[in-house]
Structure formats: structure tokens, C-alpha cells
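# Output the structure for:
(one chain, ligands or ions: 1)
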Amino acid sequence: MHHFQYHHGELWAEKVPVRRIVEEVGTPVYIYSSATLRRHFRVFEEAFADIPHLVCYSVKANSNLAVLKLLGDLGAGADVVSGGELFRALKAGLPASKIVFSGVGKTEIEMEEALQAGILMFNVESLGELETLARVAERLGRVAPFSIRVNPNVDPKTHPYISTGLRKNKFGLPEEMARSAYQWARKQPYLKAVGLDCHLGSQLTEIAPFVEALKRLKALYQDLCEEGIELQYLDLGGGLGIVYGEEEPPPPAEYAKALKKELQGLPCTLILEPGRVIAGNAGILVTRVLYVKHNPPLAEEKAGKNFVIVDAGMNDLIRPAFYQAYHRIAPVKEVPGEEVLLADVVGPICESGDFLARERPLPPVSPGDLLAVFSAGAYGFVMSSNYNSRPRAPEVLVDGGRFFVVRKRETYEDLVRLEEIPEI
Ligand SMILES: *Cc1c(COP(=O)(O)O)cnc(C)c1O
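Reported below is the predicted structural model:
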């Protein structure tokens with residue numbers, strides 16, 4: 001369910017015609033819907049209402065301050081994976097007591113920042129990291145609350161680049177090493193084990209891998225408890241998938257039901273780190289058609305090749321190029337007639353990998369037309385870059401009949417602001 005719908009042949013974001021936003025802000029532009037963000041968060045949150053839980057929104061999915069503030073106001077905590085994300089979460093007013101810090105490569109400086117802020121816990125991913133954390137904590141005279149991220153070796157059946165819970169992935173520690181890490185930490189005065197963590201990957205469309213991981217986590221939790229290591233939190237990470245095209249991911253209520261059944265009265269607080277399922281379908285990328293190019297077929301070919309060249313490229317939305325991801329694309333003003341054009345929708349970047357869609361049936365579109373790229377609210381703007389010296393697109397947040405530019409379009413000056421020409 002999202003609030004990007006057609007009325008009288010035109011795409012609206014909540015109660016604002018997308019065209020109106022574009023008239024003011026230009027293209028390409030990311031547009032987010034507050035109502036959709038709120039709805040997604042509430043549905044997820046309410047699915048766990050009857051057990052002790054904390055929803056730590058995964059900041060890396062969409063880290064705009066306005067988005068973080070909106071979710072924080074609904075009670076969201078945050079899962080951060082860098083000092084920058086911690087800075088954002090705090091700046092947006094999220095309480096440190098609801099922030100967990102994940103990631104395989106935390107630096108000492110990032111650890112210091114998080115300790116000073118007083119975060120809920122560090123999700124630690126290696127023995128080296130745990131040793132470093134103990135040292136930093138001692139230096140600061142602050143006890144570091146931590147979980148070990150266990151790699152449960154469960155196949156999430158998702159794209160290899162977004163699978164993280166397999167032994168061959170760089171994430172987490174195998175179970176036996178996790179056990180010895182907890183034992184070692186027991187003797188460290190500046191470390192306090194508070195939880196157990198895992199994260200399987202992203203865009204999971206089945207419940208089974210989550211349940212399998214939770215089973216393993218639960219067994220380990222109970223073993224540790226018997227050894228006298230009593231933990232308060234079970235963090236199952238994020239990863240619940242969304243509908244981009246034909247997927248049929250379980251709704252949050254079903255996912256929650258399966259997890260609660262498996263948890264069965266375990267005396268702990270469940271932490272969840274959803275990202276995509278909150279933000280993914282709460283955003284679109286709007287782009288303008290620049291040119292339509294028809295390459296005639298070679299002698300032996302039946303059909304030629306069509307390209308719809310748009311003003312958004314892989315620097316704006318890298319998912320199609322990076323993960324072969326599918327994003328629905330449709331004209332902002334519905335074009336009457338069949339989907340007659342089979343085309344690659346490509347950007348202006350000098351790379352053949354620069355496409356938003358390949359061999360996509362489209363209605364007849366012409367230069368000047370606006371196209372909406374759906375499901376772009378997560379891993380969209382946050383993964384954008386300045387490649388080809390393209391200023392990054394602005395972000396707009398719609399709230400009912402109003403809209404706000406929550407990040408301005410970058411300027412050429414922004415591109416070079418940090419650069420200097422030395423006198424040589
Ligand atoms: C990316 C990530 C998430 C969020 O994943 P989604 O698929 O967006 O829900 C949660 N936890 C960790 C540790 C992550 O790296």
C-alpha cells in the first residue's frame with residue numbers, strides 16, 4: 001500500500017500532483033510520501049505490539065533527516081552502520097538509547113562517538129572488533145553494551161550482493177566463535193553482553209529463513225543463559241522484502257506471527273531492523289525523457305533496439321545497474337494506448353551499465369514526458385553519487401496537500417566545494 005496513485009490519468013503523491021512538484025523543483029527528483037512512511041512503520045510496529053520489542057529503522061535505507069525525524073516521532077529507534085548515520089540519527093532527535101550500531105568495520109573514532117552518545121548496543125562482528133571496543137571503552141571509562149552478530153549460515157534466497165547470512169559472507173561470527181567471544185568478554189570490565197544479533201540479508205520474500213535463523217539464535221541464547229550469560233535482547237536484523245514487480249513477500253503481520261510463535265515466551269526484547277519495508281515503496285524517482293532513439297535492426301535481426309534516454313542515471317539510482325533490480329516505470333501523465341514500445345530506459349552516464357530498465361514494454365513516450373520510477377524510497381538517493389559530475393537530485397517530502405524540499409538539488413559549486421588546486 002502506498003500513496004502514489006493515478007487520479008484522472010495523472011500521478012499524485014498523496015494530495016499533490018507530481019507534475020506540480022516537478023514544476024517547482026525540476027528533474028530528476030526523489031519524492032517521498034509521509035503517509036506511506038507512517039503507515040509502513042505503524043503496520044510493522046503494531047505487528048509486534050503484544051511482545052516486548054523495539055523497531056530500529058535501518059538508517060542506510062533512507063537517511064534523510066526529515067525521514068528519520070518522522071519515524072523517530074512514531075517511536076522508531078535506529079540501526080546505524082557508520083558514524084555518519086549515528087550523527088544523522090542523533091541530529092534528527094532519535095534517542096541514543098534506541099540506537100544499535102552494526103557493521104563489520106567500525107573504527108575507534110566511531111566507537112568513541114557511539115559510547116559517548118550512550119547507544120543501546122554495538123552489534124559486534126569480529127573478535128578484533130570486540131577487543132578494540134573493550135580498549136576504547138576502558139579509555140573512555142564507559143562500559144560498552146554489545147551483542148555478537150552471529151552468522152547463522154542460512155540461505156536467504158536473495159540476490160548474492162544482498163545476502164549476508166551465509167558462512168561465505170563477510171558478516172558476523174560463526175556460532176562457535178560467538179560463544180567464545182561471550183566467554184572472553186565476561187572477563188572484561190568494560191564490556192557488557194546485552195544481546196545476540198543476526199541479519200540475513202535484504203529483500204527476503206519468504207518467512208522460512210527468518211524462522212530458521214531465529215531457531216538457531218534462540219538455541220544459542222538459551223545455551224548462553226545456562227552458562228550464566230543472561231542477555232536481554234534478541235536482534236533479528238532487517239531484510240523483509242517488498243513488492244517491486246511480481247514478488248509476493250509476506251506482510252509484516254505474517255512475518256511477526258511466525259517470529260512470535262518461534263520465540264514463545266523467551267524472556268527477552270526482540271529488536272528488528274527494517275529498512276526497505278518501511279521506506280522502499282514510500283518513494284519514487286521522477287525523471288524526464290530527453291530523447292527517444294530507434295536503432296534499426298541489422299540484416300539478420302527481426303527488431304531494432306529502442307532507447308528512452310532520461311535525465312536520471314545510475315548515479316541517481318544504481319539498483320538496476322548494481323543488482324539487476326527491477327523498478328516499475330510509468331509515465332506521470334498516463335499515455336493512452338498500448339504498451340507498444342519495447343525499450344531500454346537509460347541515463348546520460350557514459351557507461352553501458354547505466355540503465356533503469358531493459359527491454360521494458362512502455363506506452364509511446366516522447367521527449368519532455370515525465371516518468372516515475374517506483375519503489376525508489378529505499379537504497380535510492382542514499383546510494384547516489386556525483387559520477388560524471390552530476391549534482392545529486394533533490395529530495396521532496398509530501399505530507400497530505402503540502403510538500404517540502406527536504407534536501408536541495410546540489411549545485412555545480414557543491415561539486416567542487418571541497419576541492420583545491422595547489423600551487424605547484
Ligand atoms: C541493511 C541492513 C538492515 C536493513 O535491511 P532491509 O533489507 O533494508 O530491511 C538491517 N540490519 C543490518 C545490519 C543491515 O546491514
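
# Just give the nearest non-adjacent residue to the residue of the stretch 101-250 of the chain found nearest the ligand, would you?
Residue of the stretch 101-250 of the chain nearest the ligand, by CB to the nearest ligand atom: residue 238 (2.7 Å). (Glycine included, C-beta is placed from N, CA and C.) With CB to CB, 6 or more residues apart in numbering as the criterion, residue 238 has its nearest non-adjacent residue at 4.0 Å, and that residue is residue 273.

# In three-state terms, label the residue of the stretch 101-250 of the chain closest to the ligand for me.
Here residue 238 is recorded as coil under DSSP: H, G, I helix; E, B strand; the rest coil.

# What about it, how many residues nearby?
25 (other CB atoms under 10 Å).

# can I assume it is in contact with residue 199?
Yes: taking contacts as CB atoms under 8 Å, residue 238 lies within contact range of residue 199: 6.3 Å.

# Contacts only, for the residue of the stretch 301-424 of the chain found nearest the ligand.
As assessed by CB to the nearest ligand atom, the ligand sits closest to residue 378 within the stretch 301-424 of the chain, at 5.9 Å. Contact analysis of residue 378 by CB atoms under 8 Å, 6 or more residues apart in numbering lists 61, 62, 242, 275, 276, 278, 279, 280, 283.

# Now, the residues you listed that are in strands?
Counting by DSSP state E, the part of these found in strands is residue 283.

# The ligand: which of the contacts of residue 378 is nearest?
With CB to the nearest ligand atom as the yardstick, the closest approach to the ligand among those comes from residue 275, at 2.6 Å.

# Neighbours of the closest one, how many?
For residue 275, using other CB under 10 Å, the count is 24.

# Could I get the phi/psi values of it?
phi -120, psi -70 (degrees, to the nearest 10).

# any idea how far residue 241 is from it?
As defined by CB to CB, to the nearest Å, residue 275 lies at a distance of 11 Å from residue 241.

# got any residues that touch both of those two?
What both residue 275 and residue 241 touch, as defined by CB under 8 Å, 6+ apart, is the set residue 202.

# Could you tell me which residues make contact with the closest residue to residue 245 other than its chain neighbours?
The shortest distance from residue 245 to any non-neighbouring residue, by CB to CB, 6+ apart, is to residue 326 (4.6 Å). Contacts for residue 326 (CB under 8 Å, 6+ apart) come out as 244, 245, 320, 357.

# I'd assumed the third one was in a strand, is it?
No: Residue 320: not assigned to a strand; according to three-state DSSP it is helix.

# where exactly do the helices run in the stretch 201-350 of the chain?
208-226, 252-263, 276-279, 319-323 (DSSP state H, counting those that start in this stretch).

# tell me the most buried of these?
helix 276-279 (a mean of 29; mean count of other CB atoms under 10 Å).

# do that helix and the ligand meet at all?
Yes: using CB under 6 Å from any ligand atom, helix 276-279 reaches the ligand at 276, 277.

# What is that helix packed up against?
helix 34-47 (3 or more CB pairs under 8 Å, 6 or more residues apart in numbering; DSSP states H and E).

# got the contact list for whichever helix or strand comes after the helix it packs on?
Next helix or strand after helix 34-47 toward the C-terminus (DSSP states H and E): strand 53-58. For strand 53-58, the external contacting residues (CB under 8 Å, 6+ apart) are 41, 44-45, 48, 68, 71, 75-79, 98-100, 120, 233, 235, 238, 269-276, 278.

# now stretch 11-25
3-6, 10, 29, 31, 33-35, 284, 286, 288, 330, 332-333, 370, 372, 394, 396, 398-403, 405, 409.

# buried ones in that stretch?
11, 12, 13, 14, 16, 17, 18, 21, 22, 25 (16 or more other CB atoms under 10 Å).

# end-to-end on it?
Distance across stretch 11-25, first residue to last, is 16 Å (CA to CA, to the nearest Å).

# Selecting buried members of the contacts of strand 53-58 in ChimeraX, what would you type?
Applied in ChimeraX, the following selects the buried portion of those according to 16+ other CB under 10 Å:
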select :41,44,45,48,68,71,76,77,78,79,98,99,100,120,233,235,238,269,270,271,272,273,274,275,276,278
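
# Quick check: the gap between residue 352 and residue 117.
According to CB to CB, residue 352 stands 44 Å off from residue 117.

# same thing with residue 375?
33 Å.

# Looking at these two, which is more packed in?
residue 375 (26 against 16).

# Contact partners for that one?
With contact set as CB under 8 Å, 6+ apart, residue 375 has these partners: 242, 243, 244, 280, 281, 283, 284, 327, 328.

# Up against the ligand, what does the stretch 1-150 of the chain have?
Within the stretch 1-150 of the chain, the positions near the ligand by CB under 6 Å from any ligand atom are 58, 60, 61, 79, 81, 102.

# and these as JSON lines, adding pLDDT?
Shown next, in JSON lines, are these (pLDDT from 0 to 100):
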{"residue": "58", "pLDDT": "98"}
{"residue": "60", "pLDDT": "98"}
{"residue": "61", "pLDDT": "98"}
{"residue": "79", "pLDDT": "98"}
{"residue": "81", "pLDDT": "98"}
{"residue": "102", "pLDDT": "97"}
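
# Before I go, just wanted to say thanks for your time.
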